[in-house]
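# Got a predicted model here, sequence first, then my questions.
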Amino acid sequence: MTTALATQWHQLTAPLLPNEKQRTVTFEQLVAAYSASGRHYHTLRHVQILLDAVQAEAAALHDSTVVQLAVWFHDAVYEPLRDDNETRSAELAAEFLANTTLSESRLQRVAYLIERTKDHTQTQPDDDLDLQLFLDADLGILGAPETDYWQYARQVRQEYQSVPDSLYQRGRSKVLEKLLNTPVLYRTAAYRTRLDAVARHNLQAELQAWEQGGL
């Protein structure tokens with residue numbers, strides 16, 4: 001996977017930064033971040049799945065390069081007990097992109113996309129397809145087949161392994177309820193048609209599991 005991702009990274013960033021060594025240093029930093037011992041779901045596999053989803057819709061996007069850059073950096077900083085991961089991930093992206101030919105407005109756009117992942121239930125612009133697709137891809141796992149969804153739920157629990165079950169149960173249940181109460185879970189028609197019903201079933205099933213004592 002790392003070899004394939006390296007190829008994708010350099011194809012994406014070479015037009016923005018000719019210096020291969022600098023690109024490689026940042027790629028290795030990202031690999032190290034997504035491969036950290038505490039990562040179980042927010043890993044390089046998650047990055048690859050989102051890149052595949054974005055690239056499949058590249059022709060419909062306004063700025064595919066910006067969206068792909070947001071994918072690469074959106075979980076670069078992930079410390080479960082902090083609430084500023086998105087901001088710090090956006091700052092990391094900006095630090096790298098400041099050395100590239102990417103314009104300031106596009107750099108800010110990358111940061112904006114990353115920061116919007118902080119709360120998927122917040123109101124989002126209706127006319128921003130790039131943002132909508134990015135967010136939908138990030139939530140794609142919620143509408144996965146049951147086996148994959150339960151693996152995801154357990155992996156997220158592992159990422160919070162320092163949190164006692166009772167506290168995690170309360171916190172996770174609030175997240176699940178918030179998602180279930182969101183009128184629009186997926187913002188693009190394709191994702192909504194394909195995944196909304198399955199996602200809500202999965203979320204309800206996990207919520208019930210926690211109410212009954214755990215996964």
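On my side now, so go ahead.

# Contacts for the host helix or strand of residue 32, please.
Element membership of residue 32, judged by DSSP states H and E, is helix 20-34. Contact with helix 20-34 is made by 2, 5-6, 9-10, 13-14, 17, 42-44, 46-47, 72-73, 75-78, 96, 99, as judged by CB atoms under 8 Å, 6 or more residues apart in numbering. All C-beta atoms are positioned from the backbone trio N, CA, C, and that covers glycine.

# May I see the buried residues of it?
By 16 or more other CB atoms under 10 Å, the buried positions in helix 20-34 come out as 23, 26, 27, 30, 31, 33, 34.

# Where do the domain boundaries of the chain fall?
The chain is divided into the following domains under automatic domain parsing: 1-138, 142-215.

# May I see the ones you listed arranged in TSV, with mean pLDDT as well?
Below are the domains of the chain laid out as TSV (pLDDT from 0 to 100):
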stretch	mean pLDDT
domain 1-138	96
domain 142-215	95
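
# in the helix of greatest length in the chain, what's buried?
Ranked by residue count and defined by DSSP state H, the top helix of the chain is helix 189-211. Within helix 189-211, the residues that count as buried by 16+ other CB under 10 Å are 191, 192, 195, 199, 200, 202, 203, 206, 207, 209, 210.

# Please report how far the third one lies from residue 203.
The spacing between residue 195 and residue 203, counted by CB to CB, to the nearest Å, is 11 Å.

# Kindly report the same for the first one.
Relative to residue 203, residue 191 is positioned 15 Å away (CB to CB).

# if I pick the residue most central in space within the chain, what's in contact with it?
Nearest to the geometric centre of the chain sits residue 138, at 4.4 Å (CA atoms, centre = their mean). Counting by CB under 8 Å, 6+ apart, residue 138 touches 50, 74, 117, 120.

# So it versus residue 53, what's the distance?
Going from residue 138 to residue 53 by CB to CB gives 9 Å.

# my read: residue 17 touches residue 101, true?
Yes - the pair residue 17 and residue 101 qualifies as a contact (CB atoms under 8 Å) at a distance of 7.3 Å.

# Pick out whichever of the two has more residues nearby.
The neighbour comparison of residue 17 against residue 101 (other CB atoms under 10 Å) goes to residue 17, with 18 against 10.

# Which secondary structure state does that one sit in?
When classified by DSSP: H, G, I helix; E, B strand; the rest coil, residue 17 comes out as coil.

# which non-adjacent residue is nearest it?
residue 100 (4.5 Å; CB to CB, 6 or more residues apart in numbering).

# Number of residues surrounding the one you found?
Count around residue 100 with other CB under 10 Å applied: 18.

# In contact with it, which residues?
Contact analysis of residue 100 by CB under 8 Å, 6+ apart lists 13, 16, 17.
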